[in-house]
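S.K.: Here's my sequence, what's the structure:
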Amino acid sequence: MSVYSDSQSDRCFTVLQQSCSSDKEENREIIFDHYPELKSVYDLAIELTNIYNKHYDKDVARGKLALWYNKIEKLGYGCFRTVTNTMQNYYETILNYFVNRETNAFAESFNAKIKAFRTQFRGVGDIPFFIFRLCKLTV
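M.R.: Numbers count the residues shown, from 1 in each chain. Below is the predicted model:
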């Protein structure tokens, strides 16, 4: 039986190892036997996820992320290029997540609602009415 004939095999990499069923784990191991480079990349992705899931303080997280970043550079694969570029550009901002473990997801969601609302009415003609509707939208 081919690994790819299972309808859930495409998701065997998106499930964390702790919550993985034996079938998915078996499929993952078959793929890793054929593609050992994929295993190293997968392990690094899981390692980054674990850094964010554990409650480290900012200084410990700085060290863990630096070690992870060094492993990525040593490996030399381009698949993490976006992540590494983002880390280079926003390192201190990313580390601020570990202070209170807060993100700007609420603000981003609110901005998306405003944009969708504006698009729905093709612009804003009456600003006081727009503000009134925004207040009703967020309640």
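S.K.: Quick one: the helices in the chain, in order.
M.R.: Remark: helices assigned in the chain by DSSP state H are 22-34, 36-53, 58-75, 81-95, 97-100, 105-120, 127-138.
S.K.: Closest to the centroid, which residue in this protein?
M.R.: By CA atoms, centre = their mean, the chain has its centre lying nearest to residue 49, at 8.0 Å.
S.K.: Quick check: residue 99 touching residue 61?
M.R.: No - Residue 99 sits out of contact with residue 61 when judged by CB atoms under 8 Å, with a separation of 9.5 Å. C-betas here are computed from N, CA, C, even on glycine.
S.K.: quick one: which of those two has more around it?
M.R.: Taking neighbours as other CB atoms under 10 Å, residue 99 and residue 61 compare with residue 61 leading, 19 against 10.
S.K.: And that one, what's its pLDDT?
M.R.: At residue 61, the pLDDT value in this model is 90.
S.K.: quick one: average pLDDT of stretch 38-57?
M.R.: Here stretch 38-57 scores 88 as its mean pLDDT.
S.K.: now that stretch, how far from the centre of its chain.
M.R.: Mean-position distance between stretch 38-57 and its chain equals 11 Å (CA atoms, centre = their mean, to the nearest Å).
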